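[1] Sequence and computational prediction follow.
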Amino acid sequence: MADIRLLLDRLKTPVGALQLLVTPSGVVRQLGWFDAESLPAGVEIVKARDPLGVASVLEEYFAGRIQAIDALAVDGQGTDFQRSVWRALREIPAGSTRTYGEIAARIGNPRASRAVGAANHDNPIGIVVPCHRVIGKNGTLTGYAGGLERKQWLLEHEARHAAPVPGSQLTLAS
């Protein structure tokens, strides 16, 4: 018998299929453009349509109600440092971006921009923990597990539907 049970759903989005893993209590454990083949031992996967309404919330996000995802509970199971980065990512308003250095400063470790990049890379809960909102210091799009085309699409989608944030304009270098 498995130690952990996770509910699996796959969602069709305008930029490809997303895989969602949710705990039986409704906490998002994984969300991304990947398969669950890398799950640790002791995890039981149960296919479920719209587990605890989480998939419906994501569908709202893709329909343009981007703030819908803000209320989702998440648990990426990371280190203390990773969790601090992931919390800071959730504080980036939709329609805005931050640099790795800005996130490092936000978490009180201004010299840790490379470590922030590593934590961003290891984020298992894309979109809801919005690692796509982190860009290079010169404004360029940098790595994204889903590909730079998806990152660009997500940023443009959020910019179209976000409430304006004073002093926080989304600008991307070409």
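    Cool, the structure landed. Numbering: from 1, shown residues only.

[2] following the one helix or strand in the chain whose mean pLDDT sits lowest, which helix or strand comes up?
    Sorting the helices and strands of the chain by mean pLDDT, DSSP states H and E puts strand 43-47 at the bottom, at a mean of 90. Using DSSP states H and E, the helix or strand that directly follows strand 43-47 along the chain is helix 54-62.

[3] just the CA coordinates of that next one, formatted as PDB?
    This file holds the C-alpha atoms of helix 54-62, laid out as PDB (Å, rounded to 0.1, in the frame of the first residue of the first chain):
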ATOM      1  CA  VAL A  54      -8.700  22.300  -8.900                       C
ATOM      2  CA  ALA A  55      -8.900  21.700 -12.600                       C
ATOM      3  CA  SER A  56     -11.900  24.000 -12.900                       C
ATOM      4  CA  VAL A  57      -9.900  26.800 -11.200                       C
ATOM      5  CA  LEU A  58      -7.100  26.300 -13.800                       C
ATOM      6  CA  GLU A  59      -9.700  26.400 -16.600                       C
ATOM      7  CA  GLU A  60     -10.800  29.700 -15.200                       C
ATOM      8  CA  TYR A  61      -7.200  31.000 -15.300                       C
ATOM      9  CA  PHE A  62      -6.900  30.000 -19.000                       C
END
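
[4] In this model residue 121 seems to touch residue 143, though I could be wrong.
    Yes: shown here, residue 143 and residue 121 form a contact pair, counting by C-beta atoms under 8 Å, at 6.9 Å. Just so you know, the C-beta spots here come from the backbone N, C-alpha and C atoms, and that holds for glycine as well.

[5] where does this structure have low pLDDT?
    1-3, 34-41, 164-174 (pLDDT under 70).

[6] buried sites along the longest helix seen in it?
    As assigned by DSSP state H, the longest helix anywhere in the chain is helix 148-161. By neighbour count on 16 or more other C-beta atoms under 10 Å, the buried set for helix 148-161 is 150, 151, 153, 154, 155, 157, 158, 159.

[7] Could you dump the residues you listed into a markdown table and include distance to residue 61?
    Listed next are the buried residues of helix 148-161 as a markdown table, based on distance: C-beta to C-beta, whole Å:
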| residue | distance to residue 61 |
| --- | --- |
| 150 | 14 |
| 151 | 15 |
| 153 | 13 |
| 154 | 10 |
| 155 | 13 |
| 157 | 9 |
| 158 | 9 |
| 159 | 14 |
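
[8] next one: phi and psi at residue 6?
    Dihedral pair for residue 6: phi -130, psi 140, per degrees, to the nearest 10.

[9] Please look at it and residue 45 and confirm they touch.
    Yes: assessed by C-beta under 8 Å, residue 6 is found in contact with residue 45 at 5.7 Å.
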